[in-house]
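**Q** A predicted structure for the sequence below; I have some questions about it.
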Amino acid sequence: GENVEQHPSTLSVQEGDSAVIKCTYSDSASNYFPWYKQELGKRPQLIIDIRSNVGEKKDQRIAVTLNKTAKHFSLHITETQPEDSAVYFCAASRAGGRRALTFGSGTRLQVQP
Amino acid sequence: DAMVIQNPRYQVTQFGKPVTLSCSQTLNHNVMYWYQQKSSQAPKLLFHYYDKDFNNEADTPDNFQSRRPNTSFCFLDIRSPGLGDAAMYLCATSSRAGTGTDTQYFGPGTRLTVL
């Protein structure tokens, strides 16, 4: 089955700095890579996703890059704000079959004002 | 505009006393998932329904069962809760369409406490 590794487990940045979270996956058939943000006690919220037919996707301060050859993808947050503080999960799945998501272990991002 | 609704939001039960958690959706999605999330961990898939087709994860304990009486509703039954079953239970839905992969929408979760 799919295995997703996520690093770092915790990340502390100053407000205004950039944050990068990286994930690697094992199943070369995976072709969908969402990122979820989860605030304390709340549901995971999809913030951005990428499919394997593109290498990069951007939405305002958030971007995701995908390297299919190396089987890794990254989340980039620029101009971080205190409200970006949360736990971020990457995930991977593939078309066909059951399409269940396999989550990474999560990164706790703390943005210091 | 709630799309995935879970009830109750907080559930307290006693060790060994059966409990049922419910999930409903207004998205008309054909796939529904149940995840268990413990503190500081990633959501762990327990099982999912594709329409009425039930798919159990290999490591989901027999203590956990699920029912999906119709498209909109899905239930998680814990037959004999143990202390280790205390967690947040998340319901999610997605729509299998075409050959692409599909976004999952999560409910707010039910936090289960076992005394």
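**A** Looks like it came in fine. Just so it is clear, the model here is predicted, and its values are computed rather than measured.

**Q** give me the contact list for stretch B:68-77.
**A** Stretch B:68-77 is touched from outside by B:18-26, B:28-30, B:32, B:34, B:46, B:49, B:51-52, B:54, B:64-67, B:89, B:91, with contacts defined as CB atoms under 8 Å, 6 or more residues apart in numbering or on different chains. To be clear about C-beta, it is placed using only N, CA and C from the backbone, and glycine gets the same treatment.

**Q** redo that, cut-off 7 Å
**A** Outside stretch B:68-77, the residues within contact range by CB atoms under 7 Å, 6 or more residues apart in numbering or on different chains are B:18, B:20-25, B:28, B:30, B:32, B:34, B:49, B:52, B:64-67, B:89, B:91.

**Q** how about chain A: which residue is closest to chain B?
**A** With CB to the nearest CB, the shortest gap between chain A and chain B falls at residue A:32, namely 3.3 Å.

**Q** now for that residue, how many residues are close by?
**A** 19 (other CB atoms under 10 Å in any protein chain shown).

**Q** what's near enough to touch it?
**A** By CB under 7 Å, 6+ apart, the neighbours of residue A:32 are A:49, A:51, A:93-94, B:101.

**Q** and the contacts of stretch B:68-77 near chain A, which?
**A** Among these, proximity to chain A is found for none (CB under 7 Å from any CB of the partner chain).

**Q** all strands for chain A, in order.
**A** In chain A, the strands defined using DSSP state E lie at A:4-7, A:10-14, A:19-25, A:32-38, A:45-51, A:56-59, A:62-67, A:72-77, A:86-92, A:102-103, A:107-112.

**Q** now chain B
**A** Under DSSP E, chain B gives strands at B:4-7, B:10-13, B:19-25, B:31-37, B:44-50, B:53-56, B:64-67, B:73-78, B:87-94, B:105-106, B:110-114.

**Q** once you drop chain neighbours, what's closest to residue 12?
**A** Answering for chain A, as no chain was given. What sits nearest to residue A:12 in space, not counting adjacent residues and going by CB to CB, 6 or more residues apart in numbering or on different chains, is residue A:110, at 4.5 Å.

**Q** nope, chain B
**A** Distances taken as CB to CB, 6+ apart place residue B:113 nearest to residue B:12, at 4.6 Å, with adjacent residues excluded.
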